[in-house]
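In: I would like the atomic coordinates for the input below:
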Amino acid sequence: MAARESRGFIRKYLFDTEILRLMALIVLVKPLGLITQVLIAKYFGAGPEYDAYALALFVIVFVGMVLGQVFTSVVVPFVIKLRGTLEPDRLLGFQNAVIAVFGAVALASTAVLVLFADGIVDLAGPGLPETTRGYAIRMVRWMAVPGALLLLVAMGKAVLNLNRKYRLATSMPSLHAAVILAAILLLHGRLGIWSIVVGFAASQLLQTVLVWGRALHGRHVALRRFSLPEGTAGRLWSLGWALLLTQSFLLLFEFIDKIFASFLEAGNISSLAYAATVKSFVIQLFQFSLVTVMFTRLSELIAADDFDGCGRYIRDNIARVSRLVVPATLALALAGGEVVRVLFLRGQFTAADAERTAGVMSMYALGLPALVVNLIVSRVFHSLQRMKEKIWLGVQFLVMNVALNALLIGPLQVKGLALASTITIYCHLLLSFWVLRRYRLGLGARRWATVFLGHHALAGVAWLVYVASGFSGLMADWSIRGTTSGDLAIGLCKGLFIFIVYGITYFGWRRFSSGRHATGHPH
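Out: Purely as a prediction, here's the structure:
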């Protein structure tokens, strides 16, 4: 009985069983990625070599990530719709034709990267010091070919998710981290920073074999003649071009910070990359579990014209995300200094690197709730196949971020770039809510925004209590501060304080709201 009640509580306040299983898989193996970043900090610090790798990696993965998102967001719901009208063999032929088209684009982009690496690096990092620039050009050329496999992996994972085979696809980021970790441990002494490049290449090859091997074994792909039913090519293009532009804008947003940081002293790009470690963990935790499962479900509900049920499903999951992510990211922002010192302050990573990275991490952390919820909201646009509006939202995203970066980099340096990102994502998300509300489809986007902002109000109360109680000063004066174990204890105490106050506030608010309902007062 107690176990049943416990499972019911988890489903009510957290997520469904399949989502929790996927999250558990990521949580169990994701520390590999964190260990990798710790070792990179120890061996290479925050300087020209890692600056070059962080910049080169973005250049390499840009096309694969953009096209992978287009394939997942356009082709997957399109295939779901075609299942009811095409025979299985013709459906597989259609899938093969689309994969071939996307693959051809990836091969063409690889050739461009190899032939014009110097010009591309100059465009991506116009202010790079010459040493960093030289490393980056060589890395782009060496990583271009294995980088082409990135799109193949993304398409294979989409095919598995389309057929509800979530677990292998979800484990791929962890496998990627494990391979790079092994390469660093085995090769850093002989190859230096190039050990990461070797790990990247080996990871992409291994993921390709595993994902497509599983898809072939499950007969989710097969050798069939290419088939494009009449009108499908035009329909895919009409849906895909808008998403292609939108995803390009959004991915450029992630890189705008590095472009601006290239004009600062060496090490600032590295600080952005290290600070993004925790951000990427949180995003992947939800993207490869909650959003993966939700996207298939959203496409099915919308295909069935069940907009009311779809709206409730989204609202409930936004509430679950907010209950978990909002207090966690507030705690992370307050404990940013302790987190960075515990994770990275060793070897070549200096105290100055730690202070700079901690400021960036705290600013990035505040934007995490909006980033996670935006993953869900973006999939709503994809499922509705309303992508033209996403282009204008993408323009807003990019222009606002560039403007805020230019405004804040002077007074706040690299920390200002992270703050600009946080402000931009919140404005983008709220504007997305407003656009979805104007569709008047009965999704209840206004209610989504109310739920999301309500949890931020509760977090604001927790922060006020934190400040007014003097707890911050108590932690700052604690004698154990400055040691690894002491910083770990202080960080945990800050997080525990925030979660306790937030929990008390949340359940008190719920009881108050229930009481008003019971007495007939408006909610």
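
In: could you pull up phi and psi at Leu345?
Out: Comment: the main-chain dihedrals of Leu345 come out as phi -80, psi 80, following degrees, to the nearest 10.

In: actually Phe116, not the one I typed
Out: Residue torsions, per degrees, to the nearest 10, at Phe116 are phi -120, psi 40.

In: tell me the average confidence for the helix or strand hosting Arg446?
Out: According to DSSP states H and E, Arg446 maps onto helix 445-468. When pLDDT is averaged over helix 445-468, the result is 91.

In: and that helix, what does it pack onto?
Out: Under the contact definition 3 or more Cβ pairs under 8 Å, 6 or more residues apart in numbering; DSSP states H and E, helix 445-468 sits against helix 307-334, helix 368-384, helix 414-438, helix 484-518. From N, CA and C alone the C-beta is placed, and that goes for glycine too.

In: now do the second one: which elements does it pack against?
Out: Pointing back at helix 368-384 there. helix 268-286, helix 292-303, helix 307-334, helix 388-412, helix 414-438, helix 445-468.

In: lowest-confidence stretch among these?
Out: The minimum mean pLDDT among these belongs to helix 292-303 (a mean of 73).

In: ok, and the closest non-adjacent residue to Val435?
Out: Closest residue to Val435 in three dimensions, ignoring its sequence neighbours and counting by Cβ to Cβ, 6 or more residues apart in numbering: Glu389, at 5.3 Å.

In: didn't that neighbour look like it was pressed against Phe381?
Out: Yes: counting by Cβ atoms under 8 Å, Glu389 sits close enough to Phe381 to count as a contact (6.9 Å).

In: more neighbours: those two, which one.
Out: Of the pair Glu389 and Phe381, Phe381 is the one with more neighbours under other Cβ atoms under 10 Å, namely 22 against 18.

In: so for the more buried one, what's the pLDDT?
Out: Note for Phe381: predicted pLDDT of 79.

In: thought it was touching Lys390?
Out: Yes: under the criterion of Cβ under 8 Å, Phe381 is in contact with Lys390, at a separation of 5.1 Å.

In: circling back: can you redo the helices and strands packed on helix 445-468 as CSV with distance to Lys157?
Out: Formatted as CSV, the entries for the helices and strands packed on helix 445-468 read as follows, by distance: least, Cβ to Cβ, whole Å:
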stretch, distance to Lys157
helix 307-334, 21
helix 368-384, 15
helix 414-438, 25
helix 484-518, 32
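
In: look up how far Val380 lies from Leu252.
Out: The gap separating Leu252 from Val380 is 22 Å, by Cβ to Cβ, to the nearest Å.

In: ok, the two, which is more surrounded?
Out: Shown here are Leu252 and Val380; by other Cβ under 10 Å, Val380 has more neighbours (23 against 18).

In: my guess is the more buried one meets Tyr439, correct?
Out: No: between Val380 and Tyr439 no contact is recorded; they are 9.7 Å apart, counting by Cβ under 8 Å.

In: name the residues of stretch 435-444 that are buried.
Out: Across stretch 435-444, burial judged by 16 or more other Cβ atoms under 10 Å covers 435-437, 441, 443-444.

In: could you work out the end-to-end span of it for me?
Out: Its first and final residues considered, stretch 435-444 spans 12 Å by Cα to Cα, to the nearest Å.

In: who touches that stretch?
Out: Residues external to stretch 435-444 that are found in contact with it (Cβ atoms under 8 Å, 6 or more residues apart in numbering): 307-308, 310-312, 314-315, 377, 380-381, 384, 386, 389, 393, 445-446.

In: what about His455, neighbour count?
Out: 22.

In: secondary structure element for Val198, which one?
Out: Using DSSP H and E, Val198 sits within helix 194-217.

In: what mean pLDDT does that helix get?
Out: For helix 194-217, the per-residue pLDDT averages 91.

In: wait, Ala124 sits on Phe58?
Out: Yes: here Ala124 lies in contact with Phe58, judged by Cβ under 8 Å, at a distance of 7.0 Å.

In: now for the strand or helix carrying Gly473, which elements pack on it?
Out: Counting by DSSP H and E, the element that carries Gly473 is helix 471-476. On a contact count with 3+ Cβ pairs under 8 Å, 6+ apart, helix 471-476 meets helix 484-518.

In: how far away from the center of its chain is the helix it packs on?
Out: Between the mean C-alpha location of helix 484-518 and the chain-wide mean there is a distance of 26 Å, by Cα atoms, centre = their mean, to the nearest Å.

In: and the angle from it to helix 445-468?
Out: Going by axes from the mean of the first three to the mean of the last three Cα atoms, to 10 degrees, helix 484-518 is angled at 130 degrees with respect to helix 445-468.

In: in terms of secondary structure, what does helix 484-518 contact?
Out: Short answer (3+ Cβ pairs under 8 Å, 6+ apart): helix 484-518 packs on helix 307-334, helix 336-344, helix 445-468, helix 471-476.

In: ok, and for stretch 147-154, which residues are buried?
Out: Residues of stretch 147-154 classed as buried under the neighbour-count rule (16+ other Cβ under 10 Å) are 147-154.

In: mind putting those residues into TSV with pLDDT, distance to Gly508 and secondary structure?
Out: Putting the buried residues of stretch 147-154 into TSV (pLDDT from 0 to 100; distance: Cβ to Cβ, whole Å; DSSP: H, G, I helix; E, B strand; the rest coil) gives the following:
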residue	pLDDT	distance to Gly508	secondary structure
Gly147	89	51	helix
Ala148	88	54	helix
Leu149	90	52	helix
Leu150	88	47	helix
Leu151	87	49	helix
Leu152	88	51	helix
Val153	87	47	helix
Ala154	86	44	helix
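
In: now, which of those residues sits nearest Met361?
Out: The shortest gap between Met361 and any of the buried residues of stretch 147-154 belongs to Leu150, at 26.2 Å (Cβ to Cβ).

In: follow-up on the earlier one: and which of the buried residues of stretch 435-444 is nearest to Ser248?
Out: When the buried residues of stretch 435-444 are compared against Ser248 (criterion: Cβ to Cβ), the nearest one is Val435, at 19.2 Å.

In: how much space separates Thr296 from Ala158?
Out: Thr296 sits at a distance of 11 Å from Ala158 (criterion: Cβ to Cβ).

In: which of the two has more neighbours?
Out: Just comparing Thr296 and Ala158: by other Cβ under 10 Å the higher neighbour count belongs to Ala158, 25 against 19.

In: quick check: chain neighbours aside, which residue is closest to that one?
Out: If the residues on either side of it in the chain are set aside, Ala158 comes closest to Thr72, at 4.4 Å by Cβ to Cβ, 6+ apart.

In: pretty sure the one you found contacts Leu160?
Out: No: Thr72 is beyond contact range of Leu160, at 11.1 Å (criterion: Cβ under 8 Å).

In: surely Leu160 touches Gly213?
Out: No: shown here, Leu160 and Gly213 do not form a contact pair, counting by Cβ under 8 Å, at 11.0 Å.

In: quick one: which of those two has more around it?
Out: Neighbour count, other Cβ under 10 Å: between Leu160 and Gly213, Leu160 has more, with 24 against 12.

In: host element of the more buried one?
Out: Take DSSP H and E as the rule and Leu160 turns out to sit in helix 130-162.

In: same question for Met65.
Out: Short version, using DSSP H and E: Met65 is in helix 48-70.

In: just checking, what packs against that helix?
Out: helix 88-115, helix 117-124, helix 130-162, helix 194-217, helix 232-261, helix 268-286.

In: need those in a markdown table (columns: distance to Gln348).
Out: What follows is the helices and strands packed on helix 48-70, written out as a markdown table (distance: least, Cβ to Cβ, whole Å):
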| stretch | distance to Gln348 |
| --- | --- |
| helix 88-115 | 29 |
| helix 117-124 | 24 |
| helix 130-162 | 16 |
| helix 194-217 | 14 |
| helix 232-261 | 19 |
| helix 268-286 | 10 |
